[in-house]
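Enquirer: Sequence plus predicted model, see below.
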Amino acid sequence: MLLVPFFGSLIRNVYLSRFSLCMYILLRSRIPLIESLGLVKDMIRFFPLQQALDAICEDILRGIYLHKSMSKFKIFDKRMVSMVRVAEESNKIDMIFRNLKDQYNADIEQKTEILGSILEPVLIIFIGMFVGLILVSSYIL
């Protein structure tokens, strides 16, 4: 699903938005980072993200920074990795996840509006053809 050009990035953004929201809530509640990652892994049922979070937890336990561990996986884009890096340096990781959530939600809204504006004329044409087919078949009988 992630390889489909328009829908893949939309699906990825939806799951990254969920990830950012969950991380913001958990970190804001003063839950440690490792526990937060484990809880998010259990909350979000998306295999690429779960697989990445497993490896990230192991890397953090070995002492690797979160942003370095996240950069190993394609599911996390460069924007997220660089913002997490800044958050780790400034110790504001919960606020960065809130900002990321807002950015991903704005991207999702924009993409769904574009999708709706594209699908609306297609549906009108399809319904018109269906009604025309019914009219032609009723005249023939």
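Expert: Everything's here; your move. Keep in mind that this is a model prediction, so the values were computed, not measured. Numbering: from 1, shown residues only.

Enquirer: so where do the helices sit in the chain?
Expert: 5-28, 33-43, 47-61, 66-70, 78-90, 93-140 (DSSP state H).

Enquirer: TSV for these, including mean neighbour count and mean pLDDT?
Expert: For glycine as for every other residue, the C-beta is placed from the backbone atoms N, C-alpha and C. Conversion of those to TSV gives the following (neighbours: other C-beta atoms under 10 Å; pLDDT from 0 to 100):
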stretch	mean neighbour count	mean pLDDT
helix 5-28	18	91
helix 33-43	16	93
helix 47-61	15	93
helix 66-70	19	94
helix 78-90	15	93
helix 93-140	13	93
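
Enquirer: Phi and psi next, for Arg30.
Expert: phi 70, psi 30 (degrees, to the nearest 10).

Enquirer: ignore the last one, Phe73
Expert: The phi/psi pair for Phe73 (degrees, to the nearest 10) is phi -110, psi 140.

Enquirer: swap in Ile64?
Expert: Torsion angles, degrees, to the nearest 10, at Ile64: phi -80, psi 140.

Enquirer: The residue lying closest to Ser17 once chain neighbours are set aside and Val131, how far apart?
Expert: For Ser17, ignoring the flanking residues on the chain, the nearest one in space by C-beta to C-beta, 6 or more residues apart in numbering is Tyr104 at 3.7 Å. According to C-beta to C-beta, to the nearest Å, Tyr104 and Val131 sit 40 Å apart.
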